[in-house]
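In: here is a sequence with its predicted model. Questions after.
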Amino acid sequence: MKTGYSPEDLALVKKAFEKTKEVYQDDRRLTGESCLSHLTKVAKKAVLLKLDAETVAAGLLHDSVEDKKLELAEIKKAFGENIAFLVKSVTEIDEVKYHGVEETTEAIRKMFLAVAKDIRVVFIKFIDRLENLKTLDVFPEEKRKRKALETLEIYSPVANRLGMGEMKAELEDAAFKYVWPEEYQYIIRETQKRMPERQKYLEKIKPLIQKELEKEKIKIIDVHSREKHYYSLWKKLKSREMDWEQITDLVALRIIVDNIENCYKALGVLHKLWKPLPGKIKDYISLPKPNGYQSLHTTVFCEEGKITEFQIRTPEIHEAAERGIAAHWAYEEVGKKEKAHLPARLAAKRAGKAGKKIRPKNFEWVKQLMGWQKKFSAKGGREKQSPAEFLESLKLDLFKDRIFVLTPKGDVIDLPEGATAVDFAYHIHSELGKHMTGAKANGKIISFSRPLVSGDIVEILTSKNQKPNLEWLNHAKTRLARSHIRLDPCLKNQPNHIFQHLGLV
């Protein structure tokens with residue numbers, strides 16, 4: 001096992017492995033693979049993600065209760081309460097079979113509940129799902145597609161919102177193969193044709209970049225190429241009418257430097273060397289994406305006139321971009337003999353003492369997930385949603401691509417793509433929403449129907465005499481805004497058929 005785990009950690013994982021080996025012996029899965037092999041792969045992936053020893057051990061044991069190999073009480077006695085909870089939570093999610101909307105919604109609800117108590121549950125589920133996707137070939141086509149679609153619609157978006165970029169990409173690529181097999185093979189063929197030449201080109205310009213950075217006394221940690229993942233590439237091609245000439249980031253160069261100041265200096269060096277493309281400079285360090293992602297991006301007219309994308313970041317930013325919230329549950333010590341799988345608020349507090357910065361973005365989203373789960377469970381009135389309604393709302397408000405806009409004071413507001421000023425106002429406060437008379441974006445009056453875009457500075461104009469009206473429902477895209485509007489006292493006497501027509505009950 002990799003270094004970084006204490007002797008006690010290693011002993012715990014070894015004990016879990018021996019117990020797993022003992023109870024499964026030569027048992028095999030439907031795929032023909034030995035059960036021990038699958039469980040070992042889950043544990044190895046947890047190690048690669050640098051997760052703590054309890055998560056690695058739970059990865060080995062996670063199927064044992066469902067497979068009736070061990071009782072939960074046995075696990076608790078032998079391995080402790082934390083590992084028993086992880087196994088129990090994974091088992092409860094696994095027990096719900098995704099055969100319909102109700103089952104899918106119930107599985108999501110259980111995932112939310114588990115995440116609120118210990119987010120490591122979802123790490124194990126991600127890894128287990130990824131390993132299972134690799135062995136789908138033995139199942140009928142209907143099951144393969146269903147499992148793959150579940151991955152694209154639920155698991156991948158959750159991984160993305162938790163900032164786990166590498167896990168998101170792996171899940172998507174593994175699922176892509178089964179949902180759109182012909183397109184998957186096409187992307188592989190075309191990529192393999194184009195990749196060698198692109199890699200050769202980037203290897204040629206790397207020494208030039210390193211030389212210029214060293215001239216400016218910028219400490220370089222690494223310069224390496226980053227290949228675009230298949231599913232992400234396919235989505236981008238579809239939005240570009242399948243024109244490969246418009247794909248400028250098939251392979252990008254990633255520059256890792258020692259600190260944030262040098263990130264900006266490195267950006268300046270690149271722009272002195274080559275002219276940047278207008279509108280292609282993205283500063284996600286000072287203005288992170290809603291899921292916490294940070295980096296500097298720029299696209300330039302590079303050597304031989306070739307358009308080339310660069311990403312610039314520090315090692316810490318790179319780690320967070322790849323592993324997201326999982327980086328905060330790593331085996332590295334936060335403080336002396338303290339583990340980073342502590343609850344978020346405690347981990348953040350202790351990390352501050354040890355000088356390790358933890359960004360709260362991912363943790364905020366976990367709280368948002370729980371808010372959704374509670375609203376779904378609420379009883380009575382128009383707030384109650386059917387499983388189908390909940391799932392659709394979830395896909396829109398939480399899983400859809402996000403934008404980030406700013407208040408006049410500079411606060412960043414996270415909204416789903418397509419959101420309007422109406423959604424923005426109600427996101428800030430229901431009182432602001434109900435009294436709005438108009439909106440400005442970047443100092444100019446905009447209509448309530450105009451979709452906001454990332455970077456907009458949005459101002460809401462109000463009047464104390466203004467009240468909500470049904471017309472606003474045509475412009476509200478988020479469930480939060482729509483709920484506030486339709487439940488406002490001034491509209492409470494509207495007949496139900498009006499709300500039904502608008503898809504609100």
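Out: That came through fine. Numbering: from 1, shown residues only.
In: going by C-alpha atoms from here, please, whenever you check contacts or count neighbours.
Out: OK.
In: and for the residue positioned nearest the centre of the chain, nearest residue in space, chain neighbours not counted?
Out: For the chain, the residue nearest the mean C-alpha position is residue 160 (1.3 Å; Cα atoms, centre = their mean). In this structure, residue 160 finds its nearest non-sequential neighbour in residue 168, 5.7 Å apart by Cα to Cα, 6 or more residues apart in numbering.
In: what about the helix or strand harbouring that neighbour, average pLDDT?
Out: Per DSSP states H and E: residue 168 is located in helix 165-179. Helix 165-179 carries an average pLDDT of 95.
In: which of the residues in the helix or strand following that helix are buried?
Out: Moving toward the C-terminus from helix 165-179, the first helix or strand encountered (DSSP H and E) is helix 181-215. Under the neighbour-count criterion of 16 or more other Cα atoms under 10 Å, helix 181-215 has 183-184, 187, 191, 198-199, 202, 209-210, 212-213 buried.
In: again with stretch 44-56
Out: 44-47, 49-56.
In: same thing with stretch 149-158?
Out: 149, 151-152, 154-158.
In: dump those into CSV; add distance to residue 236 and pLDDT as well.
Out: Below are these laid out as CSV (distance: Cα to Cα, whole Å; pLDDT from 0 to 100):
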residue, distance to residue 236, pLDDT
149, 19, 84
151, 19, 89
152, 16, 86
154, 20, 81
155, 20, 87
156, 17, 89
157, 17, 85
158, 20, 84
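In: element containing the residue lying closest to residue 247 once chain neighbours are set aside, please.
Out: Of all residues not flanking residue 247 in the chain, residue 237 sits nearest, at 7.3 Å (Cα to Cα, 6+ apart). Assignment of secondary structure by DSSP H and E places residue 237 within helix 230-239.
In: so what's the gap between that helix and the chain middle?
Out: 18 Å (Cα atoms, centre = their mean, to the nearest Å).
In: buried ones in it?
Out: Neighbour counts using 16+ other Cα under 10 Å place 230-231, 233-234, 236-237 of helix 230-239 among the buried residues.
In: which single one of these is nearest to residue 476?
Out: residue 236 (27.4 Å; Cα to Cα).
In: distance of the closest one from residue 32?
Out: 37 Å (Cα to Cα, to the nearest Å).
In: equivalent analysis for residue 457, please.
Out: For residue 457, the distance to residue 32 - Cα to Cα - is 56 Å.
In: for the record, mean pLDDT for stretch 12-29?
Out: pLDDT averaged over stretch 12-29 gives 95.
In: which strand or helix spans the residue nearest to the centre of the chain?
Out: Counting by DSSP H and E, residue 160 is part of helix 156-161.
In: name the helices or strands packed onto that helix?
Out: Secondary-structure packing of helix 156-161 (3 or more Cα pairs under 8 Å, 6 or more residues apart in numbering; DSSP states H and E): helix 165-179.
In: just to revisit the earlier point, list the contacts of the residue nearest to residue 247.
Out: By Cα atoms under 8 Å, 6 or more residues apart in numbering, the residues touching residue 237 are 243-244, 247.
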